[in-house]
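>>> A predicted structure for the sequence below; I have some questions about it.
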Amino acid sequence: MTNREVSVVLPAYNEADSLEHTVEVTLSTLAEFLPAGSFEVIVAEDGCADATPEIADRMAAEDDRVRHFHSDERLGRGGALERAFRESDGDVLVYFDTDLATDMRHLEELVESVRSGDYDVATGSRRIPGDKQDRQPERGVASKGYNGLVRLFLRSPLYDHQCGFKAFDRDVLLALLDDVEDDHWFWDTEVLVRAQRAGYRVKEFPVDWEPKGDTKVDLVRDVFGMGSQILRLWWQLGVKPRIDRRVTMAAGTALIVVALALMTVYLDPTEVLTALQSADPRLLGVATVVYLLSWPLRGLRYRDILSELGYRERVGFLTGAVFISQTGNLVFPARAGDALRAYIVKARRGIPYPSGFASLAIERVFDLLTITVLAGVTFLGLAAAGVDVTAIGATQAPGEGESSGRTAVFVAAGVGAAAIAAVGVIVATARSERNLVRTTLGRVSSDSYVDYVAGVVERFTGDIQTVAQDRRAFALIGASSLLIWAIDVVTALVVFAAFGVDLALWELVAVGFFAVSVGNLAKVLPLSPGGIGLYEGAFSLIVLALTPVGWGVALAAAIADHAIKNLVTVAGGVASTLVFNVSLTTAVEEARDAESEGSVRE
């Protein structure tokens, strides 16, 4: 038991004109149905820029039933409420809007609904069917749409989640707050939804409500932000719990099976099998050796990245770590193998998890930058050489993928341009003294989820800032990345030669660079383990679109190229796990925990 039965919290932001009246009305209303000394009123003042702090201080000094919690910085509406509730004394915790828009005659019902023990949570409602409220048109439309989305996505039966008139059992609310992530306008909704999901008893009852003054809700920024919060909570409560390793593996496999099944509609599988059987095994062996040459370079590049972060390791060990993480990406969906590397360097070399994840982010930036530049430059080169990419399909027989080939090239060009632009923004942000990320996202919304996204992007750009500011390191790592992906392309060119593709050398090189780059861009989407199916589809469509090579040979070359690369990766990964005595499944689970730990520490 606490010292007070009821604690009422008034969230206050620039409420100098109305605060004193609101506190007096609240005290007198509570005194009408509660024993003297059994309640308190807390002013949760949230970084006000007017006289609100001084007024709250004076009232707290004059009346021991009034307390004032001051914050120099904005905590957000939910953040201010949460802080006050944790510091309060009451067994029943109540809050309502300081403008007293809700008729105070409902306060007794609100408090007694929880104080009696009949309910764990009680909330007023302005939208219960049959109950009409006087609302401004823009407020009514936005509120109706918002609550409709909450009911649809979050399966809440309530009609009004945002009414600022709520009461909670203390133990129930404090238990819920451990999981509540929002600290602004979505706070109310998240508490109510999580309370229902946890099985607590929630009462919604109609109240008389009249808007007072201008709303502090930005009907563009905050509504947009709350919409993103609905999706975030829907993912956390409705989707994420159902996604485990078995589900993701099954989904990835199903996608590949469906894709293969659809391909048989317009492509005779015997063409592919015939083409595979006709390939020169000696040249396929040469392609394997060529691809192997890129792996020491991957270890060398990773050594240079870690060196910039202050860690020096042997190339052989780091090559093995890269082998293991890339093998994990082939075995597990959604690129779960990426986190393996942080686990390996932590477990075997004591490199902290944040540094492990930072080095991985840096490597991904250079990979993305390199393959998108290769795709973009090759695309421009083909256009400059007079290749009419707008006439894709002209050399194909009708019905053999003319429109799909054309779409693939245009989509690839768009993806490449977008990726180059995105990497350019990241690098510019890392080099700039200004916080471009938070400034840009802040114009969209002030919601806490957008703030969280800004934090993630800031950490990402901060990870590459060390390298971006060192021109020599940037050039060195960029050059090794270019060499790694050039070897990747050369491997594909040797595979083409194994299938006896009859093209001019310049055309073979140009198309090979473009097809491999676009194929690897497709793998950025973590829809299936190792991008199997995505790479082959993008690769073969580009070859088909820009050359007279038929479907059977194009797809067979794509399959053989990707198979060689995956087999080399798996062989190196298995050998490395044996050398390091690492279990892939155990490492993935521990790496996921490490990733969460690293995010918290950062």
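Received it, and whenever you're ready, just let me know what you need. Numbers count the residues shown, from 1 in each chain.

>>> which residues of the stretch 101-250 of the chain fall in helices?
If DSSP state H, counting those that start in this stretch is used as the criterion, the helices of the stretch 101-250 of the chain fall at 107-115, 137-154, 170-177, 187-197, 221-234, 245-266.

>>> by mean pLDDT, show me the worst of the ones you listed.
Lowest mean pLDDT within the helices of the stretch 101-250 of the chain: helix 245-266, at a mean of 53.

>>> in a helix, Arg67, correct?
No: judged by DSSP: H, G, I helix; E, B strand; the rest coil, Arg67 forms no part of a helix; its state is strand.

>>> not counting its neighbours along the chain, what's nearest Asp488?
Spatial nearest neighbour of Asp488, chain neighbours left out: Val516 (5.9 Å); criterion: Cβ to Cβ, 6 or more residues apart in numbering. Heads up, the C-betas are built off the backbone N, CA and C, glycines and all.

>>> touching, that neighbour and Ile487? I think so.
No: counting by Cβ atoms under 8 Å, Val516 stays clear of Ile487, with 10.5 Å between them.

>>> compare these two (neighbour count), which wins?
Of the pair Val516 and Ile487, Val516 is the one with more neighbours under other Cβ atoms under 10 Å, namely 30 against 17.

>>> what segments of this protein are strands?
In the chain, the strands defined using DSSP state E lie at 4-12, 39-45, 66-69, 90-96, 121-125, 165-169, 202-206.

>>> out of the ones you listed, which is closest to Ala498?
strand 202-206 (66.6 Å; Cβ to Cβ).

>>> roughly how far apart are Asp99 and Ala12?
Separation of Asp99 from Ala12 (Cβ to Cβ, to the nearest Å) stands at 10 Å.

>>> could I get the contacting residues of Gln490?
Wrong residue type there; residue 490 is Val, not Gln. Contacts of Val490 were listed using Cβ atoms under 8 Å, 6 or more residues apart in numbering, and they are Val290.

>>> ditto for Val172
The contact partners of Val172, by Cβ under 8 Å, 6+ apart, come to 120-121, 195, 200.

>>> so where is the stretch 251-400 of the chain shaky, pLDDT-wise?
For the stretch 251-400 of the chain, applying pLDDT under 70 flags the ranges 251-273, 275, 331-338, 379, 382-400.

>>> try 80 this time
Scanning the stretch 251-400 of the chain for pLDDT under 80 picks out 251-276, 309, 327-343, 346-348, 352-358, 361, 364-365, 368-369, 371-400.

>>> likewise the stretch 401-550 of the chain?
Within the stretch 401-550 of the chain, the set of residues satisfying pLDDT under 80 comprises 401-471, 501-548, 550.

>>> go again with 90.
401-478, 481-482, 485-486, 488-489, 492-493, 495-550 (pLDDT under 90).

>>> quick one: the helices in the stretch 251-400 of the chain?
In order along the chain, the stretch 251-400 of the chain carries the following helices (DSSP H, counting those that start in this stretch): 269-278, 281-292, 294-308, 315-331, 338-349, 353-384.

>>> number of nearby residues for the nearest residue to Val121 once chain neighbours are set aside?
In space, Val121 comes closest to Val202 once its chain neighbours are excluded; the distance is 4.5 Å by Cβ to Cβ, 6+ apart. Neighbour count for Val202, taken as other Cβ under 10 Å: 22.

>>> neighbour-wise, which of Asp99 and Ala12 wins?
The neighbour count for Asp99 versus Ala12, taken as other Cβ under 10 Å, is higher for Ala12 (27 against 17).

>>> domain map for the chain?
In the domain annotation for the chain, the residue ranges read 4-238, 245-601 (automatic domain parsing).

>>> re earlier: out of the strands of the chain, nearest to Ile559?
For Ile559, the closest of the strands of the chain is strand 202-206, at 55.5 Å, according to Cβ to Cβ.

>>> the closest one to helix 170-177, inter-axis angle?
Here strand 202-206 points in a direction 100 degrees away from that of helix 170-177 (axes from the mean of the first three to the mean of the last three Cα atoms, to 10 degrees).

>>> on that earlier part again, OK, contacts around the residue nearest to Asp488?
Val516 makes contact with 374, 485, 488-489, 492, 539, 561, according to Cβ under 8 Å, 6+ apart.
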